[in-house]
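Peer 1: What shape does this take:
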Amino acid sequence: MQPKGSGEIPAETVRVARAAFPKGSLAIRVRDELGPLFRDEEFADLFPARGRPAWSPGGLALVSVLQFVEGLTDWQAAEAVRARIDFKYALGLALDDPGFDFSVLSEFRDRLAGADAGRRVLDGFVALRVRPAGREIRKATAGTGLPVRWLLAEWPADQDEPVQFWLSNLPETTPLPVLVRTAKLRWRIENDYREMKQALGLAHFDGRTWPGWHHHVTLVSVAHAFCTLQRMTRSPKETASA
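Peer 2: Numbering: from 1, shown residues only. Got it, this is the predicted structure:
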């Protein structure tokens, strides 16, 4: 491996991403608010010093996080790197960067697992079991004792203190990756809502009755589910030829 560093986002990628996502997206907000999450040097011990240069391991780690949060398959994640402007923005890639073959992600995970280095990707998060205090909480419990909850904090290595916090009532046995994915799921929900509103006509209902609105939202939801299944089961070549 030959570390490449984080680098600046190409100006053309910035321009197109801002135009395509005026309100941002998960990948864009990650880059804007946290900067490069991982650097190649952090994974240098997982790759030989000589040989053919590998795709940026810091980039693969970020793709793995976005893949996990959005619930993407390896193929979908690799396709997002190749075709999605917001992924290119987060990774600091040029618009014409071809990305990598989807098999690279499983090979990267194998390297992490073989070196017991998988927790590096989640080192920016910490979870504790706490009892939230407060007058309203105590009233709600009716004297039965304060409930125990998860406190999840996002704490990037280059920050002096955590940057975000979440309280969760998920079971005590919930592993850290599931806590992180659940906390970040709101970005996926926002992306789905934006697609339903801008591409599938969710905001185009002009009626005044509850049944009419309900039917409209149901049809839009079915259309969104169909589009999602098409993206998951069909390759770009099949879609283009259809």
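Peer 1: Number of residues surrounding His224?
Peer 2: 17 (other C-beta atoms under 10 Å). Where you see a C-beta, it was placed from the backbone N, CA and C, and this is true even at glycine.
Peer 1: Okay, it and Leu185: tell me how far apart.
Peer 2: His224 sits 16 Å away from Leu185, going by C-beta to C-beta, to the nearest Å.
Peer 1: and what of Ala94?
Peer 2: 30 Å.
Peer 1: Those two: who's more crowded?
Peer 2: Per other C-beta under 10 Å, whichever of Ala94 and Leu185 has more neighbours is Leu185, with 14 against 11.
Peer 1: Check what pLDDT that one gets.
Peer 2: You'll see Leu185 listed with a pLDDT of 77.
Peer 1: Mind telling me what element Phe165 is part of?
Peer 2: Assessed by DSSP states H and E, Phe165 sits inside strand 164-168.
Peer 1: For that strand, name the packing helices and strands.
Peer 2: If contacts are counted by 3 or more C-beta pairs under 8 Å, 6 or more residues apart in numbering; DSSP states H and E, strand 164-168 sits against strand 149-154, helix 176-198.
Peer 1: how about the closest residue in space to Glu161 that isn't next to it in sequence, what does it touch?
Peer 2: In space, and not counting its chain neighbours, Glu161 is closest to Trp155: 7.2 Å by C-beta to C-beta, 6 or more residues apart in numbering. By C-beta atoms under 8 Å, 6 or more residues apart in numbering, Trp155 lies in contact with Gly124, Phe125, Val126, Glu161, Pro162, Val163.
Peer 1: so what's the nearest residue in space to Pro10 that is not next to it in sequence up against?
Peer 2: Spatially, and ignoring its direct neighbours in sequence, Pro10 is nearest to Ala94 (4.9 Å; C-beta to C-beta, 6+ apart). Listed by C-beta under 8 Å, 6+ apart, the contact partners of Ala94 are Pro10, Glu12, Thr13, Lys88.
Peer 1: okay, those in JSON lines with pLDDT next?
Peer 2: Below are those laid out as JSON lines (pLDDT from 0 to 100):
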{"residue": "Pro10", "pLDDT": "92"}
{"residue": "Glu12", "pLDDT": "94"}
{"residue": "Thr13", "pLDDT": "93"}
{"residue": "Lys88", "pLDDT": "93"}
